[in-house]
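1. Structure of the sequence below:
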Amino acid sequence: MAQLQHASLTAVKTLQKIMEDPQASASARVTAARTVLEMGLKAAELDVGSSLSALESVAEKNAPQFPNTEDGDDETSQAA
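-> Below is the predicted model of the structure:
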């Protein structure tokens, strides 16, 4: 796993060098930029997914403490 993380860092640095190299072709710079953006979006999606999983876990643990208010069976809707 450590080797993969190191290689990923090297890959990102390489893409960054290509993006910033005025001697690189426009298509190479665009491809490098697109790749970095796509990788960033995937990383953000993974981060959101793990955050959502953590929130769902907390919600499941706390579910017995709170009544379900969506089906109208809570005390507030019965009092109305």
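2. In the helix or strand containing Lys42, which residues are buried?
-> Per DSSP states H and E: Lys42 is located in helix 26-62. Going by neighbour count (16 or more other C-beta atoms under 10 Å), the buried part of helix 26-62 is Arg29, Ala32, Val36. Every C-beta, even on glycine, is put in place using the N, C-alpha and C of the backbone.
3. ok, now stretch 11-29?
-> Leu15, Ile18, Met19, Arg29.
4. distance of the first one from Met39?
-> Okay, so that is Leu15. Here Leu15 is placed at a distance of 8 Å from Met39 (C-beta to C-beta, to the nearest Å).
5. same thing with the third one?
-> Computed as C-beta to C-beta, the Met19 to Met39 distance reads 13 Å.
6. Please apply the same query to the last one.
-> In this structure, Arg29 and Met39 are 16 Å apart, going by C-beta to C-beta.
7. returning to that earlier point: pLDDT on the helix holding Lys42, on average?
-> With pLDDT averaged residue by residue, helix 26-62 scores 85.
8. list the helices and strands it packs on?
-> In terms of contacts (3 or more C-beta pairs under 8 Å, 6 or more residues apart in numbering; DSSP states H and E), helix 26-62 is packed against helix 2-20.
9. Quick one: mean pLDDT over the helix it packs on.
-> 91.
10. Pull the residues that contact that helix.
-> If you take C-beta atoms under 8 Å, 6 or more residues apart in numbering as the criterion, helix 2-20 is touched by Ala24, Ala28, Arg29, Ala32, Ala33, Thr35, Val36, Met39.
11. same check, this time on stretch 35-55
-> Residues outside stretch 35-55 that contact it (C-beta under 8 Å, 6+ apart): Val12, Leu15, Gln16, Met19.
12. farthest pair in those?
-> Val12 and Met19 (10.4 Å; C-beta to C-beta).
13. ok, back up a step: how about CSV for the buried residues of helix 26-62, with distance to Met1 added?
-> Formatted as CSV, the buried residues of helix 26-62 follow (distance: C-beta to C-beta, whole Å):
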residue, distance to Met1
Arg29, 31
Ala32, 25
Val36, 22
